[in-house]
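*Asks:* next comes the sequence, and after it the predicted model I'd like to discuss.
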Amino acid sequence: MPSSTSDSKDVSASAAIAILLAALAVYFCVLEATMRLVVPLLSAGAQRELQDNRAALALRPTTSQGSRTVLVIGNSLLLSGVVGPQLRHSLAPRYAVQLYPVENTRFLDWYFGLRRLFARGSRPAVVILCMNIRQLASNATAGEAFAHQMMQMSDLMQVQRLAGLDMMRTSDYFFANLSSWIGGRVYFRNGVLEKWVPHASMLVAHFNEVDPTPITANPAINGRALEHLRQIRELCRSRGASFIMLIPPARSRNDPAPTIAVAAAKEGIPVLVPYGPGEMPVEAFSDGLHLNPQGALLFTARVDQVLPSELSAALF
């Protein structure tokens, strides 16, 4: 018959395990609450993306004033390259424009990001994707931040296949989709940096003077870019939206954007290249890849000239 001393030890061990599990549960709840409540206040980027997401979800094909809605999605090239107020003003009142840039994103991020937006009720009349050809042709994603902010759990296996994820990386995406802490750590880090080193973005030009990875037209790049354009065009069509691709300026004169634009036009996919490769003045770039404020004004003005006719053709 077990002794009372043994019973006491068993009870003590069980109580200790229960207390430890409860403490871990409280710890993770605090982390989740911190990410959901504190980070949007700490990080200007996270707050902007949250507001843009809500605005994108509220879009319907036509506003109450009769304007057709246009959702412009992209990454830091959109954020630094298009002056939102200027574009909205130039297209109003015929079109109502909502910009939604998410930094470090590529094609797959936005393909699945659009699937999530559409599934949650977003219904713009037109979707415009703004990124360069390298990003359009890429099969990479923005990691845990993408998995939490832009991916539906039901798309995980498709993401695994298209992005070539191993099982370890797939499990990371699974938990990031569920957890604000795991999926939003990059925003926490960026928020701390924003407070610790104000105006750190002004230092970028001193670290990277030219685009380190210019690309040229080749069958592999062209093929992937065209296939991705077909996929996102069909996704938009399935939700009643028209699709337009917008290519930001590139410093390299050998950039394949014009070649891909011609090939896409043969399939009825509009690809706008407002500034040809190497046409934008060098001094308009902040780091060889992103535009500075002066460059953004130049690019937005050119977009203002070419976009209305494409929107009209897409909608009427």
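*Replies:* Thanks, I have it.
*Asks:* in this structure, where is pLDDT below threshold?
*Replies:* Within the chain, the stretches with pLDDT under 70 are 1-11, 24-25, 27-43, 183-213.
*Asks:* which residue, other than its chain neighbours, is closest to the residue positioned nearest the centre of it?
*Replies:* Nearest to the geometric centre of the chain sits residue 102, at 3.5 Å (C-alpha atoms, centre = their mean). Nearest residue to residue 102, sequence neighbours excluded (C-beta to C-beta, 6 or more residues apart in numbering): residue 49, at 5.8 Å. The C-beta positions use only the backbone N, C-alpha and C, and glycine is treated the same way.
*Asks:* so what's the one you found up against?
*Replies:* 100, 102, 149 (C-beta atoms under 8 Å, 6 or more residues apart in numbering).
*Asks:* all strands for the stretch 1-150 of the chain, in order.
*Replies:* 68-74, 95-101, 126-130 (DSSP state E, counting those that start in this stretch).
*Asks:* who wins for proximity to residue 304 among those strands?
*Replies:* Nearest to residue 304, of all these, is strand 95-101, at 11.0 Å by C-beta to C-beta.
*Asks:* okay, now the sheet partners of the closest one, with direction.
*Replies:* As defined by DSSP bridges, the strand partners of strand 95-101 come to strand 68-74 (parallel).
*Asks:* what angle do strand 126-130 and the strand it pairs with make with each other?
*Replies:* Inter-element angle recorded for strand 68-74 and strand 126-130: 20 degrees (by axes from the mean of the first three to the mean of the last three C-alpha atoms, to 10 degrees).
*Asks:* would you format the contacts of residue 49 as CSV with distance to residue 288 included?
*Replies:* Converted to CSV, the contacts of residue 49 look like this (distance: C-beta to C-beta, whole Å):
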residue, distance to residue 288
100, 25
102, 22
149, 28
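*Asks:* among the strands of the stretch 1-150 of the chain, which is nearest residue 260?
*Replies:* Short answer: strand 126-130, nearest of the strands of the stretch 1-150 of the chain by C-beta to C-beta, at 13.0 Å.
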